[in-house]
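**Q** everything below, folded, please.
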Amino acid sequence: MTMTTSRTTSGPGVASRTLAGFIFASRWLQAPLYLGLIIAQAVYVVLFFVELWHLIHTAIISGHISETEVMLSVLALIDIVMIANLLIMVIIGGYETFVSKIRISGHHDEPDWLSHVNANLLKVKLAISIISISSIHLLKTFIEVGRMQGDEVRGANGEVIYSYNGVLWEVLIHLAFIVSALALAWIDKMSKDPHEKPHAKAHARGAAAAPQPALGEDHAAGEFVVVRLPAGAPLPPDAELVRS
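**A** This next block holds a predicted model:
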C-alpha cells in the first residue's frame, strides 16, 4: 500500500507583503528631489535672462561691441541651456525610471527617448550632456588663452584667471569625460542581447495592433488572402498557415 502526502504551497504572509509594499512605496521619497531640481531649473531660467540682459546692455545700449565679449556671453547662454537640458533629462528620465511611469503616451510633445528610457540609456545621455557642457567651458577657455602672456592670463585687477597648468587640467578632465561616456556606451551595448533584432518588438506590437483581415467567407469559397507578418507575430483570427 502506497501513501502519498500532498503539500500545499502558500504565498507570502501578511507581514512579508506589508514589508514589501512599504519598501516599494519608499521610492516616493525621491519625488521631492525631482521637485527640487525643478526649482533649480527655474533659477537657471532667471540666470539666463540676467545674462541675456547683460549681453544686450553691453553690446547695444552701452555700445561696447566686442566680438570676443559677445562670443563669451553667447557661450554663457548656451552653457545655461545645456545645463537646463541636463536637468530636464534627469527630472523626466529619473522620475520615469525610479519613481513612477509618466503616462503621456500619444502626446504630440512626448520626447522620442522617453518611450525606451532605462537606467543605462539615461547614464549614456547624461554623460553626453556633461561632455557638451564641458566642451562649452573648454571653448570659452580657448578664447581667453588667446591673449595669454607667458603662462598666465590676468584680469584687469592683476588676478590670474587662466594658467598653463589649469588649461592642461581642463583638457585632461574633458578627455576623461569622453572616455567615461565611451565606457558607458560600451557597457550598455554589451548588456543587450546580441541575438535580438533591432525594432523586433516594435514590429510585433505594430502587427498586433493593426487591424487583421477576416478570412471567413473567402476561405470557404476557396479564396485566400496572403498576409505577411514579422517573425514570431501571432496569426490573425481564422487564419491558417499554408505550406506549398
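**Q** which element is the most centrally placed residue in the chain on?
**A** Centroid-nearest residue in the chain: residue 122, 4.2 Å away (criterion: CA atoms, centre = their mean). For residue 122, the element it lies in under DSSP states H and E is helix 119-144.
**Q** tell me the domain ranges of this structure?
**A** Split into domains by automatic domain parsing, the chain comes to 28-103, 118-191.
**Q** would you list those domains in TSV and tack on distance to residue 19 and mean pLDDT?
**A** For the C-beta atoms, the positions are set from N, CA and C on the backbone; glycine is no exception. TSV is the format used below for those (distance: least, CB to CB, whole Å; pLDDT from 0 to 100):
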stretch	distance to residue 19	mean pLDDT
domain 28-103	16	87
domain 118-191	24	80
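**Q** so what's residue 152 up against?
**A** Residue 152 is in contact with 160, 162, 163, 164, counting by CB atoms under 8 Å, 6 or more residues apart in numbering.
**Q** what residues are up against the nearest residue to the last one once chain neighbours are set aside?
**A** Looking back up the chat, that one is residue 164. Closest residue to residue 164 apart from its sequence neighbours, by CB to CB, 6 or more residues apart in numbering: residue 151 at 4.0 Å. The contact partners of residue 151, by CB under 8 Å, 6+ apart, come to 163, 164, 165.
**Q** now, those residues that are in strands?
**A** If you go by DSSP state E, the contacts of residue 151 have residue 163 in strands.
**Q** and residue 151, how far is that from residue 179?
**A** Separation of residue 151 from residue 179 (CB to CB, to the nearest Å): 27 Å.
**Q** can you confirm residue 161 is in a helix?
**A** No: under DSSP: H, G, I helix; E, B strand; the rest coil, residue 161 sits outside any helix and is assigned strand.
**Q** the longest helix in the chain is where?
**A** As assigned by DSSP state H, the longest helix anywhere in the chain is helix 67-98.
**Q** now do it against helix 119-144, angle only.
**A** Helix 67-98 and helix 119-144 are oriented at 170 degrees to each other (axes from the mean of the first three to the mean of the last three CA atoms, to 10 degrees).
**Q** so for helix 67-98, what gets flagged as buried?
**A** Within helix 67-98, the residues that count as buried by 16 or more other CB atoms under 10 Å are 73, 76-80, 82-84, 86-87, 89-96.
**Q** how far does it sit from its chain's centre?
**A** Taking the mean of its C-alpha atoms, helix 67-98 sits 14 Å from the chain's own mean (CA atoms, centre = their mean, to the nearest Å).
**Q** show me what it is packed against.
**A** Here helix 67-98 touches helix 31-56, helix 119-144, going by 3 or more CB pairs under 8 Å, 6 or more residues apart in numbering; DSSP states H and E.
**Q** make JSON lines from those and add distance to residue 22 to it.
**A** Output for these, formatted as JSON lines (distance: least, CB to CB, whole Å):
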{"stretch": "helix 31-56", "distance to residue 22": "16"}
{"stretch": "helix 119-144", "distance to residue 22": "23"}
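**Q** tell me the most buried of these?
**A** Compared across the helices and strands packed on helix 67-98, helix 119-144 shows the largest average neighbour count, a mean of 17 (mean count of other CB atoms under 10 Å).
**Q** figure out how far that helix is from the centre of its chain.
**A** Distance of helix 119-144 from the chain centroid (CA atoms, centre = their mean) equals 14 Å.
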